[in-house]
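*Asks:* Okay, here's the prediction I keep looking at, along with the sequence it came from:
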Amino acid sequence: MRALSVLIQLGLALLLALGQAAFAQKFPDRPITLLVPYAAGGPADQHMRAMVEDAGRALGQTVVIQNVPGASGTHGALALTRAAADGYTLALLPSTLYREPHMTSVKYDPLTSFAYIILMSDYTQGLAVRADSPWANWKDFVSDAAKRPGRLNIGVNGIIGTPRIVMEEAAEGSGVQLNMVPFKGDSEIAAALLGGHIDAAPLSGIASPHIVAGKMRYLVVLTEKRVKRYPDTPMLKETGTDVWMSSPYGIGAPAGTDPVRLKLLHDAFHKALDGAASLKTMEQLNQLMVYKNQDDYRAFVVDTFAKEKIRITKLRQRGLLE
């Protein structure tokens, strides 16, 4: 009887393994939707559009991008909480997700609502102004802001996005008041800056072609280290304001998605991330690769979520976030 029981257990295990293999082989059997929570034309949108063809080729199915801008980049994450956990609906997940729950009531939990697939890239940000602006550097900008409290308009991506938080910290560290003007995406911000509707904006690689064309310039870069493409532009932290920006993004799925499917998705997007189209786009946008696999990505989220709680608490104590 014991031998029979062992044989039955082995048979069940084999059937389960074969079932899982068949399950994996059938996936995907239809197009996959990738939600990008920014307007079309922004840096993350450009990067994803450069990657989806290679990712789709690796998966054997088309990956379709759907732009869902607004809500400080959280529309994609919110959609995941309502989507079936079958691997056919994915979303680009920005760093805003780890901050928003500490600021307001949200319908997701960064630690339980998502299956983290792959962390991919980080923006290289700088404080951009029009090329004909009167400020030669951050010191000039701060001096003008001190004379006109709250009168200099800064375009930021979303109400509680990383650019807005960093600029609040920069203003507080420099002893000035700046007026934050929220937009839905970097392409809108760039257009507003070029049109003279705002005075400055923290912009990522979307500014690069305008800088090359002589229409914009950076007063400072908002990075931890100097940027190779702009070696003569100082970091904000070099000016005496010890602030810098990090805002990496990745791809996630609804919590509960089958691990076999998650691994297939990770491998496909990892291949695409290393592909020629992705690398070329990141170079054009002046972005960094910050690849992390599923386990390391999740560990990064846990750590960042805890740090953002401390950060937001400090900002509130200083009256910067009301």
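*Replies:* Structure's in. What do you need?

*Asks:* Every contact and neighbour count from this point should use C-alpha atoms.
*Replies:* Will do.

*Asks:* how many neighbours does Asp122 have?
*Replies:* 23 (other Cα atoms under 10 Å).

*Asks:* ok, the spatially closest residue to it that is not a sequence neighbour to Pro94 distance?
*Replies:* Setting aside the residues directly before and after it, Asp122 is nearest to Pro248 in space (Cα to Cα, 6 or more residues apart in numbering), at 4.0 Å. Separation of Pro248 from Pro94 (Cα to Cα, to the nearest Å): 7 Å.

*Asks:* between those two, who's got more neighbours?
*Replies:* Taking neighbours as other Cα under 10 Å, Pro248 and Pro94 compare with Pro94 leading, 25 against 20.

*Asks:* where does the chain have low pLDDT?
*Replies:* Filtered on pLDDT under 70, the chain yields the residue ranges 1-25, 320-322.

*Asks:* Would you mind giving the domain segments of it?
*Replies:* Residue ranges for the domains of the chain, per automatic domain parsing: 33-123+247-315, 126-245.

*Asks:* Can you add distance to Lys26 and give these back as CSV?
*Replies:* Shown next, in CSV, are those (distance: least, Cα to Cα, whole Å):
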stretch, distance to Lys26
domain 33-123+247-315, 10
domain 126-245, 37
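
*Asks:* Any buried residues in stretch 240-248, and which?
*Replies:* Thr241, Val243, Trp244, Met245, Ser246, Pro248 (16 or more other Cα atoms under 10 Å).

*Asks:* ok, now stretch 203-218?
*Replies:* Leu203, Ser204, Gly205, Ile206, Ala207, Ser208, His210, Ile211, Lys215, Met216, Arg217, Tyr218.

*Asks:* Quick check: Arg130 vs Asn157, distance?
*Replies:* 18 Å.

*Asks:* ditto for Gly41
*Replies:* 14 Å.

*Asks:* So between these two, which is more surrounded?
*Replies:* Between Gly41 and Asn157, counting by other Cα under 10 Å, Asn157 is the more crowded of the two (27 against 16).

*Asks:* Quickly list what that one is bridged to.
*Replies:* Counting by DSSP bridges, Asn157 is bridged to Phe183.

*Asks:* okay if I get the buried residues of stretch 203-218 as CSV plus distance to Thr62 and secondary structure?
*Replies:* Putting the buried residues of stretch 203-218 into CSV (distance: Cα to Cα, whole Å; DSSP: H, G, I helix; E, B strand; the rest coil) gives the following:
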residue, distance to Thr62, secondary structure
Leu203, 31, strand
Ser204, 28, coil
Gly205, 27, helix
Ile206, 27, helix
Ala207, 30, helix
Ser208, 30, helix
His210, 33, helix
Ile211, 35, helix
Lys215, 37, coil
Met216, 37, strand
Arg217, 38, strand
Tyr218, 38, strand
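
*Asks:* now, the most widely separated pair of the residues you listed?
*Replies:* Longest distance between any two of the buried residues of stretch 203-218 is 15.1 Å, between Ser204 and Lys215; criterion Cα to Cα.

*Asks:* Can you point out the buried residues in the helix or strand hosting Val166?
*Replies:* For Val166, the host element (DSSP states H and E) is helix 162-174. Neighbour counts using 16+ other Cα under 10 Å place Thr162, Pro163, Arg164, Ile165, Val166, Met167, Glu168, Glu169, Ala170, Ala171, Glu172, Ser174 of helix 162-174 among the buried residues.

*Asks:* What of stretch 120-132?
*Replies:* Buried, per 16+ other Cα under 10 Å, within stretch 120-132: Met120, Ser121, Asp122, Tyr123, Thr124, Gln125, Gly126, Leu127, Ala128, Val129, Arg130, Ala131.

*Asks:* remind me, longest strand of the chain?
*Replies:* In the chain, assigned by DSSP state E, the strand with the most residues is strand 114-122.

*Asks:* just to revisit the earlier point, as CSV, the buried residues of stretch 203-218 with distance to Arg30 would be great.
*Replies:* Listed next are the buried residues of stretch 203-218 as CSV, based on distance: Cα to Cα, whole Å:
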residue, distance to Arg30
Leu203, 36
Ser204, 34
Gly205, 33
Ile206, 33
Ala207, 37
Ser208, 37
His210, 39
Ile211, 42
Lys215, 44
Met216, 43
Arg217, 45
Tyr218, 44
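
*Asks:* nearest to Phe114, of these?
*Replies:* Ser204 (26.5 Å).

*Asks:* Not counting sequence-adjacent ones, nearest residue to the closest one?
*Replies:* Gln125 (4.2 Å).

*Asks:* OK, contacts around that neighbour?
*Replies:* By Cα atoms under 8 Å, 6 or more residues apart in numbering, the contact set of Gln125 is Pro202, Leu203, Ser204, Gly205, Val221, Leu222, Thr223, Met245.

*Asks:* what's the farthest-apart pair in these?
*Replies:* That would be Gly205 and Met245, which, of the contacts of Gln125, are the farthest apart (Cα to Cα) at 13.9 Å.

*Asks:* Who does the closest residue to Ala255 other than its chain neighbours form a beta bridge with?
*Replies:* Nearest residue to Ala255, sequence neighbours excluded (Cα to Cα, 6+ apart): Phe114, at 4.3 Å. When bridges are called by DSSP bridges, Phe114 pairs up with Pro254.
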